[in-house]
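J.: Below are the sequence and a predicted model; questions follow.
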Amino acid sequence: MIRFENIGLRYGVGDEVLRDINFKLERGSFNFLTGPSGAGKTSLMRLMYLGRTPTRGLITMFGKNINGMTRSEIGMMRQKIGVVFQEFRLLPHLSVFDNVALPLRITETPEKEIQNNVNELLDWVGLGDHKDQLPETLSGGQQQRVAIARAVIARPKLLLADEPTGNLDDTIGVRLMNLLEQLNRMGTTIVVATHNQGMMNQFGHPRLILEQGQLHVQEPQTWIRDKIEGVY
Amino acid sequence: MIRFENIGLRYGVGDEVLRDINFKLERGSFNFLTGPSGAGKTSLMRLMYLGRTPTRGLITMFGKNINGMTRSEIGMMRQKIGVVFQEFRLLPHLSVFDNVALPLRITETPEKEIQNNVNELLDWVGLGDHKDQLPETLSGGQQQRVAIARAVIARPKLLLADEPTGNLDDTIGVRLMNLLEQLNRMGTTIVVATHNQGMMNQFGHPRLILEQGQLHVQEPQTWIRDKIEGVY
Amino acid sequence: MAKSVQSFTQKAGGRYDLPLNRSGNGRFIILLITMMTFLAVLAISASFALSGVAAKWSTGLENKLTIEIPAGETDVSALKVEVKKKLDSIDNISKIDVMSDDAIAALVAPWLGADFALEEVPMPALIAVETKENTRAFIDKLQKDLSEINSAIIVDAHEEWLEDFLRMIGALKFGAMFVSLVIAATAIVAITGIIRARMSEHRPDVELLHLMGASDAYIAGQFQRYALRLGLLGGAFGLFAGALGLAIFSVGINAGDSDLFPSLRLSGLAIFVLFCLPFVSCALCSTTAKITVLRSLARMP
Amino acid sequence: MAKSVQSFTQKAGGRYDLPLNRSGNGRFIILLITMMTFLAVLAISASFALSGVAAKWSTGLENKLTIEIPAGETDVSALKVEVKKKLDSIDNISKIDVMSDDAIAALVAPWLGADFALEEVPMPALIAVETKENTRAFIDKLQKDLSEINSAIIVDAHEEWLEDFLRMIGALKFGAMFVSLVIAATAIVAITGIIRARMSEHRPDVELLHLMGASDAYIAGQFQRYALRLGLLGGAFGLFAGALGLAIFSVGINAGDSDLFPSLRLSGLAIFVLFCLPFVSCALCSTTAKITVLRSLARMP
Ligand SMILES: Nc1ncnc2c1ncn2[C@@H]1O[C@H](COP(=O)(O)OP(=O)(O)OP(=O)(O)O)[C@@H](O)[C@H]1O
Ligand SMILES: Nc1ncnc2c1ncn2[C@@H]1O[C@H](COP(=O)(O)OP(=O)(O)OP(=O)(O)O)[C@@H](O)[C@H]1O
Ligand SMILES: [Mg+2]
Ligand SMILES: [Mg+2]
């Protein structure tokens, strides 16, 4: 699904933010991405949703080397990726409904289908009463839920969620994680970047740990022990 | 310090978001403000930093009824309040340094003093190497730390922090809470809105709990019991 | 709920993902384009009208020469025939009108008194000539040729003051055309600037659409559609205002209609050019929009 | 590091909390103001120059009348004296020039042939008159008065074509002034619009400063300073460009300097007005900025 080989990334003339990143995510896997603030989690995700090209190394996505792809192929690939941005990035002048419907509109889904799917999902994330509001009139947590709904509405093949529960209380946070698990069972590959230890402990998935620009993979067995000995 | 009497707030023509809010915060107190997403925490803070006027009720701040105040008196009062916004609200075209220096510049502090204070604080929050970067080139957690630094730089009499650790890992989150505690000991009244149960348990302060537009105050004794029985 | 209605009407009339159709900026841009078009209408019609004036004066007077054979010379009527023959042989001369003695008498009479016995006075001969092209060189040549016949013959070209006048008209026409150009340039700059400002204002949104996999055409199309509408509206309003302005202006100038100064009635070509303006403004706007957006998109990975 | 340098230079030259001095938009606004000022310079000078033309023609010809006493009447020289006496008594007449017989002979000669025995022909009398004010009513009255002396006397007012010409000049002058006004209006609209667009673009930042307790004057001051700079630069560039344009243009029009069509040399007043333009543009920009910002701030609690 995703394969990074010797990836390096630097912004402008600064030091490398990511160095020698090597990993491979299987189709249908569910991974947490964690690490201290400023470690490069968002940067790594940016590479995965093709928002940046790496300074060096080779990225293979959906079985294709992204270097050789044309502009429109990249566009098509992006349509298969859902992203929850850390800062939400809702379109400020579109209503909640239209924001969530956006990925469907870009792929020219029939309007009737859009209506059904979007309304159902908005009810599910608890925003049924806020459909026509503009993002700026929503609370932080509500905006985050809109961002999540938008990322999942088109049933992406790959879902990248950056700190998706940072503004949510635990109840609704767990509810949304369950939504992601459900999507994962239906075949979506998922990567969730998070600081939330509790969350990671509660849901048993491999962790990609970023530290000082380098990636370590921690397989479930390790944290299962943590979990048994730990709090939850 | 702050006294709300029968406060109600509605946005536009919708329902009241806050209803019959009554509470009083003593000078030098430290309070958590919690409640589910969309309960009205940010709205309540907005009233406290005079970003909105309530639809009904009486607000007394720093011993003065805010209704009778002139525009410039309100401006002076705002200079005594530090705010960490949930969405940070950094000025996108100012460097980290200039963003943090802004409250001092508005009050026309000598440039030398600004240089010393800002540099010291930025080092403390771990952004010493990022002084000249623009906010958009920072990670989410780094931006949040800039927002916190900006709120505390001018040693406000009242500090309002809305979800100040949502994008931070626990280590740095606790470090920043310690900064707030320190400020509090020096006399600043503090209100922190948060979803983070762990954080609230770790730091023993009264909680204002918002639920469906209404406020309940939970005094420390209750949670001290929770704490003893609980995790931390 | 007001929001809901807004969202509905937005859906009904062509959907935008970007808030282009909302902000008050649109009205300002339309006003700006209106004013630009208005100025362009004035400048272009002035330019055409001045062409008209120049043409009328040129054909009315510039191509006319008068040839005088002064009286008192030995044989006016013999010279007259000879000169006529000479003139007939010149290609560049389109019309020769030998004035009758009566006509000359009528011209001279006021100077001499009506009762004066004209028969007793030797009459000069006057030949009005129309040329195809009236160059300095031709006039000099003609004068020389005729002087060979008789040195007293004078070619009168009316030209000194007319030349001045036509030069002034020409300068004004040039000025008007130049001003049209400057206005067009200003319009382009203004529109480019505004579209670019809109772009940079909505850059995060554009980038988001791009990251969601929207094609360049999809994104540019939205801006283009928006710019097209602004350009068309602004152009149409401007044309209308300009036409109104011209109407008022020409009523003023034509109050006492005269032959020398033609009315501001515009030629078919002029009217056609003016009616093209809204489409020009349209094309200008949407092309600018498209180029700006595509260029900005090309910079995104 | 580039960022650091940028931050330093920003600090050195007047600090802005808002990114006004950064974005490329500024250059575009300056260009727009330049072009507007340029157009204004042209329109204003055209207006002044046309006034000059009209004045020259008016004083040069409009106040001149010719009075003819045709020959053939009983006693031309007696009538001449009588008419002169009559004219002397009229207040509105500033100069009377009775043409000598020689001058008249020179005028008539071409029509009759130089050798013609002028002494034998009764000569008409011509009196050139300059009036202080040359109204239709005055001319009619004069004609009537002189007809009483002798019905053959003719007052020739040169007026038909001159009236047309002056009306055209007047219309052009009016047009130029009107265009100046439209340009000024466009400039105001454009500047207001741009400043408002900047405001709405930076509205969140402005609101933040407001919430931090910055005074209205502090915030408006930043926009005002910015607008002032743009206005001054744009105005100065525009004036310079306009002056250059005028220079080129007037070299063209004055190539063959003539009396009838005065050069585009501008009066002191005109030059003063033109030199005021940058300051006008400055004042316009900064006032617009101030009003817009203060109005927007007033809406914040
Ligand atoms: N556009 C950019 N230009 C320059 N530097 C950048 C840019 N984006 C990020 N950085 C730098 O790269 C480093 C990693 O940033 P990144 O956003 O990937 O961190 P993160 O792991 O997501 O942190 P957080 O948990 O705080 O969100 C940071 O030091 C940041 O300052
Ligand atoms: N400007 C606004 N206009 C209209 N409604 C608003 C506005 N701001 C907030 N609301 C509504 O008021 C309610 C309370 O919002 P508020 O931001 O205060 O919640 P919150 O407690 O801060 O939530 P969160 O924890 O998710 O940040 C929400 O339902 C929200 O939709
Ligand atoms: Mg991040
Ligand atoms: Mg909130």
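T.: Here it is on my side, so go on. Ligands and ions are numbered 1, 2, ... in the order given.
J.: Run through the bridge partners of residue A:158.
T.: residue A:81, residue A:189 (DSSP bridges).
J.: Distance check, it against residue A:151.
T.: Remark: distance between residue A:158 and residue A:151 (CB to CB, to the nearest Å) = 10 Å. Any C-beta I mention is one placed from the backbone N, CA and C, and that applies to glycine too.
J.: out of these two, which sits in the more crowded spot?
T.: residue A:151 (24 against 21; other CB atoms under 10 Å in any protein chain shown).
J.: For that one, list the residues it contacts.
T.: Going by CB atoms under 8 Å, 6 or more residues apart in numbering or on different chains, residue A:151 touches A:82-84, A:159-161.
J.: redo that, cut-off 6 Å
T.: Contacts for residue A:151 (CB atoms under 6 Å, 6 or more residues apart in numbering or on different chains) come out as A:82-84.
J.: and the longest helix for chain A?
T.: helix A:170-185 (DSSP state H).
J.: in chain A, which spans are strands?
T.: Applying DSSP state E to chain A gives strands spanning A:2-10, A:16-25, A:30-34, A:56-61, A:64-65, A:81-84, A:158-162, A:189-193, A:207-211, A:214-218.
J.: Can I get the ones you listed in CSV including mean pLDDT?
T.: CSV is the format used below for these (pLDDT from 0 to 100):
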stretch, mean pLDDT
strand A:2-10, 94
strand A:16-25, 92
strand A:30-34, 95
strand A:56-61, 94
strand A:64-65, 92
strand A:81-84, 96
strand A:158-162, 96
strand A:189-193, 96
strand A:207-211, 92
strand A:214-218, 87
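J.: do you know which of those lies nearest residue D:150?
T.: strand A:81-84 (104.6 Å; CB to CB).
J.: So which elements touch that closest one?
T.: In terms of contacts (3 or more CB pairs under 6 Å, 6 or more residues apart in numbering or on different chains; DSSP states H and E), strand A:81-84 is packed against helix A:140-152, strand A:158-162.
J.: any chance of these in a markdown table, plus distance to ligand 3?
T.: Converted to a markdown table, the helices and strands packed on strand A:81-84 look like this (distance: least, CB to the ion, whole Å):
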| stretch | distance to ligand 3 |
| --- | --- |
| helix A:140-152 | 14 |
| strand A:158-162 | 6 |
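J.: Make JSON lines out of these and add distance to residue C:42.
T.: Below are those laid out as JSON lines (distance: least, CB to CB, whole Å):
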{"stretch": "helix A:140-152", "distance to residue C:42": "51"}
{"stretch": "strand A:158-162", "distance to residue C:42": "57"}
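J.: burial measure for residue C:166, as a count.
T.: 17.
J.: Only the buried residues of stretch C:77-94, if you could.
T.: C:79-80, C:82-83, C:86-87, C:93 (16 or more other CB atoms under 10 Å in any protein chain shown).
J.: go on, stretch A:55-72?
T.: A:57, A:59, A:61, A:66.
J.: Excluding chain neighbours, give the residue nearest to the third one in space.
T.: Residue nearest to residue A:61 in three dimensions, not counting chain neighbours: residue A:2, with 5.6 Å by CB to CB, 6 or more residues apart in numbering or on different chains.
J.: and what of the second one?
T.: Sequence neighbours aside, residue A:66 is the residue nearest to residue A:59 in space, at 5.0 Å (criterion: CB to CB, 6+ apart).
J.: How about residue A:125?
T.: Nearest non-adjacent residue to residue A:125 (CB to CB, 6+ apart): residue A:145, at 4.4 Å.
J.: Please apply the same query to residue C:88.
T.: residue C:96 (6.9 Å).
J.: Look at residue 195 and report its pLDDT.
T.: Looking at chain A here, since you left the chain open. pLDDT, residue A:195: 90.
J.: Switch to chain C, please.
T.: pLDDT at residue C:195 comes out at 67.
J.: hang on, the earlier thing: what's the closest of the buried residues of stretch C:77-94 to chain B?
T.: residue C:93 (75.7 Å; CB to the nearest CB).
J.: For the closest one, name its beta-bridge partners.
T.: residue C:131.
J.: Quick check: it vs residue D:243, distance?
T.: 47 Å.
J.: circling back to that earlier point, you'd agree the residue nearest to residue C:88 is up against residue C:86?
T.: No. Under the criterion of CB atoms under 6 Å, residue C:96 is not in contact with residue C:86, lying 10.2 Å apart.
J.: Turn the contacts of residue A:151 into JSON lines, including neighbour count.
T.: Putting the contacts of residue A:151 into JSON lines (neighbours: other CB atoms under 10 Å in any protein chain shown) gives the following:
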{"residue": "A:82", "neighbour count": "25"}
{"residue": "A:83", "neighbour count": "25"}
{"residue": "A:84", "neighbour count": "27"}
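J.: helix or strand for the closest residue in space to residue C:98 that isn't next to it in sequence, which one?
T.: Counting by CB to CB, 6+ apart, residue C:98 lies nearest to residue C:127, which is 5.1 Å off, once chain neighbours are set aside. For residue C:127, the host element (DSSP states H and E) is strand C:125-131.
J.: Identify all contacting residues around that strand.
T.: C:63-69, C:76, C:80, C:92-99, C:104.
J.: is the helix or strand following that strand up against chain D anywhere?
T.: Heading C-terminal from strand C:125-131, the first helix or strand you meet, by DSSP H and E, is helix C:136-149. No. Residues of helix C:136-149 are not located near chain D by CB under 6 Å from any CB of the partner chain, the shortest gap being 12.0 Å.
J.: need the next SSE after helix C:136-149, C-terminal direction.
T.: Going down the chain from helix C:136-149, the next helix or strand is strand C:154-156, by DSSP H and E.
J.: in that next one, what's buried?
T.: Residues of strand C:154-156 classed as buried: residue C:155 (neighbour count, 16+ other CB under 10 Å).
J.: mind listing what it pairs with, with the direction of each?
T.: strand C:64-69 (antiparallel).
J.: Please report the average pLDDT across the partner strand, rounded to a whole number.
T.: When pLDDT is averaged over strand C:64-69, the result is 77.
J.: For the chain, which residues score under the pLDDT cut-off?
T.: Answering for chain A, as no chain was given. Along chain A, segments meeting pLDDT under 70 span A:220-232.
J.: switch to chain C, that's the one I care about
T.: C:1-26, C:56-63, C:71-74, C:103-123, C:134, C:157-165, C:191, C:194-195, C:198-199, C:251-265.
J.: can you do 90?
T.: C:1-207, C:215-235, C:241-301 (pLDDT under 90).
J.: Quick check: phi and psi on the residue nearest the centre of chain C?
T.: In chain C, the centroid-proximal residue (CA atoms, centre = their mean) is residue C:48; its distance is 1.9 Å. Note on residue C:48: backbone dihedrals following degrees, to the nearest 10 are phi -60, psi -40.
J.: And the closest residue to it other than its chain neighbours, how far from chain A?
T.: Using CB to CB, 6+ apart and skipping the chain neighbours, the partner closest in space to residue C:48 is residue C:270 (3.9 Å). Using CB to the nearest CB, to the nearest Å, residue C:270 is found at 43 Å from chain A.
J.: give me the number of residues near residue C:270?
T.: Residue C:270 has 18 nearby residues by other CB under 10 Å.
J.: That one: which element?
T.: helix C:268-298.
J.: helices or strands up against that helix?
T.: Counting by 3+ CB pairs under 6 Å, 6+ apart, helix C:268-298 packs on helix C:25-57, helix C:159-201, helix C:216-253.
J.: Let's see that with 8 Å instead.
T.: helix C:25-57, helix C:159-201, helix C:203-211, helix C:216-253 (3 or more CB pairs under 8 Å, 6 or more residues apart in numbering or on different chains; DSSP states H and E).
J.: winner for burial among these?
T.: helix C:25-57 (a mean of 22; mean count of other CB atoms under 10 Å in any protein chain shown).
J.: Chain A against ligand 4: which residues are in contact?
T.: A:139-140 (CB under 5 Å from the ion).
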